[in-house]
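Based on what follows, work out the 3D shape:
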Amino acid sequence: MNLAESFKIAIKCIRANWLRSLLTMLGIIIGISSVIMIVGAGTGARDYIVSLIEEMGSNAVVLSVDPAKATDNDYITFDDIANIKDRVNGVDRCSPFMLGIARAVLDSNEESAIAMITGSNADMVYAMKTGCTYGRFFSEDEYNSAAPVALIETNSAELAYGYKDVVGEYITVSSSNATKKLKIIGVADISSVMSASGADTSSMMQMMPMGDNMTIMLMVPCTTLTEITGAEEKLNMLFVIADEGANNEAVGNAAVNYLKAAHGNYEENLYMAQDMATYIAIVDVVMQVLTTFIACIGAISLIVGGIGVMNIMLVSVTERTREIGIRKSLGAKTHVITLQFLTESIILCLLGGLIGLILGILGAYGACAIMGIEPKVKWWIILLALLFSSGVGLFFGIYPARKAAMMSPIDALRRE
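Okay, the predicted model is just below:
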């Protein structure tokens, strides 16, 4: 008997007991599908988080002040930003980061909103790798003159106006200090700046009653933001963009040393520099460890499925004892009987692996669709899943196959 005949007989036996075969494959299906889904969705989530960090530029360094220790004289000033850009070696661009909140009214439809406003200068565009989706960023002249211009976050534009390209629209923002009519000159992914800054916005949102108002995100020149909110020109955060090829850690440390010297608090540990590039490596390691750990837990069901395959093959050997006796009495060799039952075991696991593979890919796409990210199911994962399922069938099918092959023909024919 050749391999093709063994394959045909195995398929015939599986079809004759299709329900039992399906239940036997269930453990393999669950194991393969869970591993594929976890690895695919986990890799997609990792790539999404890394892309958010990369949008802020791998050469960006965030400088921040410890508010728990700092006094009024320790905060970063606009003069510090200009001096860091001009005097610190390796610094290409430098942008302040301010955060404010105000009431807003859309001039086109008079709808009310709560505006979360970030303030920066023209250099911030170099930290945002994606730039503006529509329109443009504000210029240095607009920053210096506190021009009434603003960028709106992409999702906020669609939420407020019903479409994304809202360049040219006007929005009126007001706080206890002033009211200003702003012209929207660009649409950009401002949320990436918020994520990179790590600013705590929840406490600020609690200070203003939300009601039924929607929340939108705007970015304006820092000078404009101080006029709207009346905030002092004191900063607790800024973005430093290093020269191409420069050592980010060295540039960050040099900027911190300048601030210590400029504010006369060299002995204090008030300033911290965070290299955005290091976040990529940290996220990569954390996501890989978590994905691998959870995938290993899911793979336990493959062992359970393999035990189920071995159990059902032992049952099959018992049911087909007389068949084995007849075939051996007609001259079937030991390796032929072994091959027959091994083939059936491998086919069961391989079919379970294929079904699990399809369900796992669909599950990964479904989970990622809910999270709004793109899954990453790589070809080597698919190949590994199929090889592993075949290996499970081979490993757990050896004992039943050998038991069938070693039967005495006389004993087998006597058994009812």
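
Check the offset of the host helix or strand of I347 from the chain's centre.
For I347, the host element (DSSP states H and E) is helix 334-371. Here helix 334-371 is found 27 Å from its chain centre; the criterion is Cα atoms, centre = their mean, to the nearest Å.

Flag every buried residue along that helix.
Neighbour-count burial for helix 334-371, counted by 16 or more other Cβ atoms under 10 Å, picks out 336-357, 359-361, 363-365, 367-368. All C-beta atoms are positioned from the backbone trio N, CA, C, and that covers glycine.

Could you do stretch 250-267 as well?
So for stretch 250-267, counting by 16+ other Cβ under 10 Å, buried means V251, G252, A254, A255, V256, Y258, L259, K260, A262, H263, N265.

ditto for stretch 14-33
Result for stretch 14-33 [16+ other Cβ under 10 Å]: buried residues I14, S21, T24, M25, L26, G27, I28, I29, I30, G31, I32, S33.

At which residues are the helices of the stretch 1-150 of the chain located?
For the stretch 1-150 of the chain, the helices defined by DSSP state H, counting those that start in this stretch cover 3-16, 18-55, 78-87, 124-127, 140-144.

right, I mislabeled it, should have said the stretch 251-400 of the chain
276-319, 321-329, 334-371, 379-405.

coming back round to it: could you say which one of the helices of the stretch 1-150 of the chain comes nearest to F239?
Among these, the nearest to F239 by Cβ to Cβ is helix 124-127 (4.9 Å).

tell me the average confidence for the closest one?
Averaged across helix 124-127, pLDDT comes to 79.

I'd say T179 and V173 touch.
Yes: look at T179 against V173 with Cβ atoms under 8 Å: they come within range, at 7.3 Å.

if I look at the closest residue to T215 other than its chain neighbours, how far off is V187?
Distance criterion Cβ to Cβ, 6 or more residues apart in numbering; nearest residue to T215, sequence neighbours excluded, is I114 at 4.8 Å. Distance, I114 to V187, by Cβ to Cβ, to the nearest Å: 19 Å.

which SSE is L218 in?
Per DSSP H and E: strand 214-221 holds L218.

so what secondary structure elements neighbour that strand?
strand 112-120, strand 149-153, helix 154-161, strand 179-188, helix 191-197 (3 or more Cβ pairs under 8 Å, 6 or more residues apart in numbering; DSSP states H and E).

give me that answer again for 7 Å
strand 112-120, strand 149-153, helix 154-161 (3 or more Cβ pairs under 7 Å, 6 or more residues apart in numbering; DSSP states H and E).

follow-up on the earlier one: so for T179 and V173, which sits in the more crowded spot?
Neighbour count, other Cβ atoms under 10 Å: between T179 and V173, V173 has more, with 27 against 12.

Quick check: the more buried one touching K180?
Yes: contact criterion Cβ atoms under 7 Å: V173 and K180 qualify, at 5.9 Å.

shared neighbours of these two, anything?
I228 (Cβ atoms under 7 Å, 6 or more residues apart in numbering).

how about stretch 134-151 as PDB, C-alpha atoms only?
This file holds the C-alpha atoms of stretch 134-151, laid out as PDB (Å, rounded to 0.1, in the frame of the first residue of the first chain):
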ATOM      1  CA  TYR A 134      -5.100  69.500   4.600                       C
ATOM      2  CA  GLY A 135      -3.900  73.100   4.600                       C
ATOM      3  CA  ARG A 136      -0.700  74.200   6.200                       C
ATOM      4  CA  PHE A 137       1.000  74.800   9.600                       C
ATOM      5  CA  PHE A 138       1.300  78.300  11.100                       C
ATOM      6  CA  SER A 139       4.400  80.300  10.300                       C
ATOM      7  CA  GLU A 140       7.000  81.900  12.600                       C
ATOM      8  CA  ASP A 141       5.600  85.300  11.700                       C
ATOM      9  CA  GLU A 142       2.100  84.100  12.800                       C
ATOM     10  CA  TYR A 143       3.600  82.800  16.000                       C
ATOM     11  CA  ASN A 144       5.400  86.100  16.800                       C
ATOM     12  CA  SER A 145       2.300  88.200  16.100                       C
ATOM     13  CA  ALA A 146      -0.100  85.900  18.000                       C
ATOM     14  CA  ALA A 147      -2.100  85.500  14.800                       C
ATOM     15  CA  PRO A 148      -5.700  84.200  15.300                       C
ATOM     16  CA  VAL A 149      -5.100  80.900  13.400                       C
ATOM     17  CA  ALA A 150      -5.500  77.300  14.300                       C
ATOM     18  CA  LEU A 151      -5.100  73.700  13.200                       C
END
